[in-house]
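Visitor: next input, structure requested:
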Amino acid sequence: MECKNRVANEINKTIFFSTNADLWSSRTTEPYISLTIHYIDDNWKQQSKCLQTSYFPDVHTGEIIAAVLREALPSWGLEDSRQVCMTTDSGANMVKTLALNRWTRLGCFGHRLHIAIERSVQNEPRLSRDTGVCKRVVSTFSYSFKKQKAPSAQDKLNLPLHKLIMESPTSWGSRLQMMERVLEQEKAITHVLSADKKTRHLAPNYQDIDVFECIMAALKPLQEFTDALSGEAYVSVLYLKPVLHLFKTEVLKSNEGEAQLTRDIKMRVVDYLFDKYTNPETDELLTMATFLDPRFKNTYMTTEKLVEVKVRAASEAEALLVGNTAVEGDYRERDKLPLLQNQPWKLL
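Guide: I've put the predicted structure just below:
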């Protein structure tokens, strides 16, 4: 209780905050719901605190989740009017939850990128087949007799003594790591598997290798962005618009000489991501976050949008000024403060 009171006192000093909520299961498959708050403290340092992780055996419907989260904020003395947004995954139940509570929702970039990549490969038979090839190879080398033969083959072929990696279904990056390791060890894998007639058919052929290389060429550059946009020690929302622009113009841009499969994967990922971030409410949040960063300012918006954002920024800054003077005990009347409605640029 002492810890909760200390945290509650700290977070209630903030004017605005954002949160993220997540549903997950333990290793013993017990369901939980977590709520984390993000805010700037009195020393202008970004803080994140997990407010609660609660056992959640109820049916995970939008209505039930909405009620749980709606009750959670007041239990910490927080008002939802001070909540800028809540970050969640793209599950239909979480989307409905925030709609019912009328809270601004920001989809988790890492989750959306995972879905974009999954969808870019799910309807392509070659990709499904070769993912299966990789998994069967890794499974085969998990048996002790194959493990014993691998190091000698690696040593003979001057390959790194690395073990193969099995993918995790919830992480597209782990699938990429699995394929990358199979490509690295392809000669050793073929050497070991071809020596046994029972496993000879499992060795990747040249067509499999071509598909692996196409996938790597399309998706490998995206790994660092997932890590960069999942940080808690810095504000990551302001990078979204620049990153999406970078995806479209450079990272996922089709290049001359690329295989058609690589181009198709890139195009599907870009189309999905841009479709998910065209929601007006989300775009407004991202535009303001980008505008307030001096490195980006008006780089990723039209002239018309810039005028609108400047007026809104000035209005919000004035509201903060009024609010801060009240908190500090300065009860001057609002009409004695500089009027900025007609001169919004003074705060920018």
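Visitor: mind giving me the domain split of the chain?
Guide: Domain ranges of the chain: 2-107, 109-278, 302-347, per automatic domain parsing.
Visitor: out of the ones you listed, nearest to M288?
Guide: domain 302-347 (6.2 Å; CB to CB). Just so you know, the C-beta spots here come from the backbone N, C-alpha and C atoms, and that holds for glycine as well.
Visitor: what about Y39, neighbour count?
Guide: When neighbours are defined as other CB atoms under 10 Å, Y39 has 21 of them.
Visitor: that one in helix, strand or coil?
Guide: Here Y39 is recorded as strand under DSSP: H, G, I helix; E, B strand; the rest coil.
Visitor: and E79, how many residues sit next to it?
Guide: By other CB under 10 Å, neighbour count at E79 equals 10.
Visitor: can you tell me how far it is from V7?
Guide: From E79 over to V7 the distance is 16 Å, taken as CB to CB, to the nearest Å.
Visitor: what do you get for T87?
Guide: Taken as CB to CB, the span from T87 to V7 is 20 Å.
Visitor: the more surrounded of these two?
Guide: Comparing T87 with V7 by other CB under 10 Å, the one with more neighbours is T87, at 20 against 15.
Visitor: wait, the more buried one sits on G110?
Guide: No: taking CB atoms under 8 Å as the definition, T87 is not a contact partner of G110, at 10.1 Å.
Visitor: could you pull out the helices for this protein?
Guide: For the chain, helices defined by DSSP state H occupy the ranges 2-11, 62-75, 92-101, 109-122, 125-140, 144-156, 172-184, 186-194, 206-219, 223-228, 240-246, 260-276, 280-291, 303-327.
Visitor: just so I know, which of those lies nearest D42?
Guide: Closest among those, using CB to CB: helix 2-11, at 8.9 Å.
Visitor: low-confidence stretches in this structure?
Guide: 144-147, 227-234, 323-348 (pLDDT under 70).
Visitor: if we go to 80?
Guide: 1, 122-123, 143-149, 169-170, 224-236, 320-348 (pLDDT under 80).
Visitor: and E213, what does it touch?
Guide: Going by CB atoms under 8 Å, 6 or more residues apart in numbering, E213 touches L183.
Visitor: ok, so what distance separates it from W103?
Guide: According to CB to CB, E213 stands 44 Å off from W103.
Visitor: leaving aside the residues next to it on the chain, what's closest to L157?
Guide: If the residues on either side of it in the chain are set aside, L157 comes closest to K187, at 5.0 Å by CB to CB, 6 or more residues apart in numbering.
Visitor: one more: S90?
Guide: S90's closest residue in space is G107 (CB to CB, 6+ apart), at 5.3 Å.
Visitor: what bridges to the one you found?
Guide: Note on G107: beta-bridge partners by DSSP bridges are T88.
Visitor: can you report how many residues neighbour it?
Guide: For G107, using other CB under 10 Å, the count is 19.
Visitor: that one contacts E281, doesn't it?
Guide: No: the pair G107 / E281 is not scored as a contact, 11.3 Å apart, by CB under 8 Å.
Visitor: as a markdown table, the domains of the chain with distance to T290 would be great.
Guide: Output for the domains of the chain, formatted as a markdown table (distance: least, CB to CB, whole Å):
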| stretch | distance to T290 |
| --- | --- |
| domain 2-107 | 13 |
| domain 109-278 | 5 |
| domain 302-347 | 9 |
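Visitor: which one, of those domains, ends up nearest to F296?
Guide: domain 109-278 (6.0 Å).
Visitor: from the chain's centre, how far out does the closest one sit?
Guide: In terms of CA atoms, centre = their mean, to the nearest Å, the centre of domain 109-278 is found 18 Å from the chain centre.
Visitor: distance between the ends of it?
Guide: Taking CA to CA, to the nearest Å, the first and last residues of domain 109-278 lie 14 Å apart.
Visitor: please apply the same query to stretch 23-35.
Guide: End-to-end for stretch 23-35, by CA to CA: 9 Å.
Visitor: buried residues of that stretch, list them for me.
Guide: 23, 33, 35 (16 or more other CB atoms under 10 Å).
Visitor: the second one against E71, yeah?
Guide: No: with contacts defined as CB under 8 Å, I33 does not count as touching E71, sitting 11.6 Å away.
Visitor: run a quick neighbour tally on T262.
Guide: 20.
Visitor: pretty sure it contacts L219?
Guide: No: if you go by CB under 8 Å, T262 and L219 don't touch, sitting 9.2 Å apart.
Visitor: overlap in contacts, these two.
Guide: Common neighbours of T262 and L219 are not found (criterion: CB under 8 Å, 6+ apart).
Visitor: can you list phi and psi of L292 for me?
Guide: When quoted as degrees, to the nearest 10, the phi and psi of L292 stand at phi -80, psi -10.
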